[in-house]
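Asks: Predicted model and sequence below, questions to follow.
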Amino acid sequence: MNRHLRFVPLSLQRSRRERIADLGCRLALILSVPSLFNQWMTGTDVDLGTVTAPSGMLVLGMAGWIDYWPRVGSPLSERARTAISLGGGHLHDPEDSEPSAWLCEAIVVEAAADRPLRVRAQTSASPFDGGPTIAVLEIDLGLLWSGLDDGKPVQLGDLPVDRCGMVLGDARALDGFTGLDGQSADGLADVTYWGKYEDTVHMRFGGDRIPHHRGEHGPRGWLDLPLAEAEAVAERLRTWIREGPGKGLMVSVDAHTDYHRINRAGGKHPLLAGTVDLDGCSLLGLGWDPGDHSMRHRGEREYGQVYPATLESHTGEAVLRWTIAPYASASLGNHS
């Protein structure tokens, strides 16, 4: 493949960057109210379920970009296979230079192909709302530890927290992942709204409270509408706000892409962790509050907000561990 095909046109970068920034704002608004259950979970070890990797290649990647790999070079699974032949590591673009901000990044490791892989998180308290945030993500790889006898971690690389969330799963299955720009898999979409005039809109147009781990503070809307109907409903809300107060309401139409499915699956979980099936594989999505690990950390890789991923030994077996520093310590020395 020609080298120039790895580079994404600037117009496409801006389009996706703008969408990611908008999504970060939407999530921050929805997640801004603390709950007693969140505070109870803070500082605990949390079982997030299991993922499967029948290809033997496990990927932890930025959910906002996981579908973008074929546009900037070879498919994710091909890159993963090459990296695993060298012991695993950090995938990024451009491949032959330092990682660039606002492009694809992922960590890839070898994993057992014949069993579910347990995923856990250690949490710490958010300095902003007191809720739980992921401080350490740990994934059992189902393989015996083959590193040094001294048990020292194997450094794989530094990965930024994506404000759009992260996805963990089989590399081959993720080749078919439909992301931010994807088409609805079933022709359906969800419409949600929230903001200053939410109660007024609810009285005029209706819309149920969407199930959410923060209970009554989740958005309102309609689930599983035909795509054309969803767009028409959203336009009625936008027209009302334009012709009335002018602003004060956020409206979102989310087609049933794989990206939206993992977000919806995690909506009821305090860490916004949810699993979905893709091509016979179980994937885990993490859609945490971007305020804690991205936006309030001054902008992901662009401002040096990256966190180490390591291979480590746990009771003689290999685990993938991603250690995410709390906001206070991560922000020190970075662009005051």
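Replies: Cool, got the structure.
Asks: Is Trp194 in contact with His217, as I believe?
Replies: No. With contact defined as C-beta atoms under 8 Å, Trp194 does not reach His217; the gap is 9.1 Å. All C-beta atoms are positioned from the backbone trio N, CA, C, and that covers glycine.
Asks: quick one, which of these two is more surrounded?
Replies: Under the criterion of other C-beta atoms under 10 Å, the comparison of Trp194 against His217 puts Trp194 first, with 20 against 15.
Asks: Could I get the full set of strands for the stretch 101-250 of the chain?
Replies: For the stretch 101-250 of the chain, the strands defined by DSSP state E, counting those that start in this stretch cover 105-110, 117-125, 132-144, 154-160, 166-170, 188-195, 208-209, 220-226, 249-255.
Asks: most tightly surrounded among those strands?
Replies: strand 166-170 (a mean of 28; mean count of other C-beta atoms under 10 Å).
Asks: Listing partners with orientation, what would you give for that strand?
Replies: strand 57-62 (antiparallel), strand 281-286 (antiparallel) (DSSP bridges).
Asks: possible to save those as TSV with distance to His314?
Replies: Output for these, formatted as TSV (distance: least, C-beta to C-beta, whole Å):
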stretch	distance to His314
strand 57-62	15
strand 281-286	18
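Asks: Of all those, which one comes closest to Glu138?
Replies: strand 57-62 (11.1 Å; C-beta to C-beta).
Asks: ok so, going back, mind putting the strands of the stretch 101-250 of the chain into a markdown table with distance to Val201 and mean pLDDT?
Replies: Formatted as a markdown table, the strands of the stretch 101-250 of the chain follow (distance: least, C-beta to C-beta, whole Å; pLDDT from 0 to 100):
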| stretch | distance to Val201 | mean pLDDT |
| --- | --- | --- |
| strand 105-110 | 38 | 96 |
| strand 117-125 | 34 | 92 |
| strand 132-144 | 31 | 93 |
| strand 154-160 | 35 | 93 |
| strand 166-170 | 32 | 97 |
| strand 188-195 | 6 | 96 |
| strand 208-209 | 13 | 92 |
| strand 220-226 | 8 | 97 |
| strand 249-255 | 6 | 95 |
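Asks: Could you say which of the strands paired with strand 166-170 is packed most deeply?
Replies: Buried most deeply of those, by mean count of other C-beta under 10 Å, is strand 57-62, with a mean of 27.
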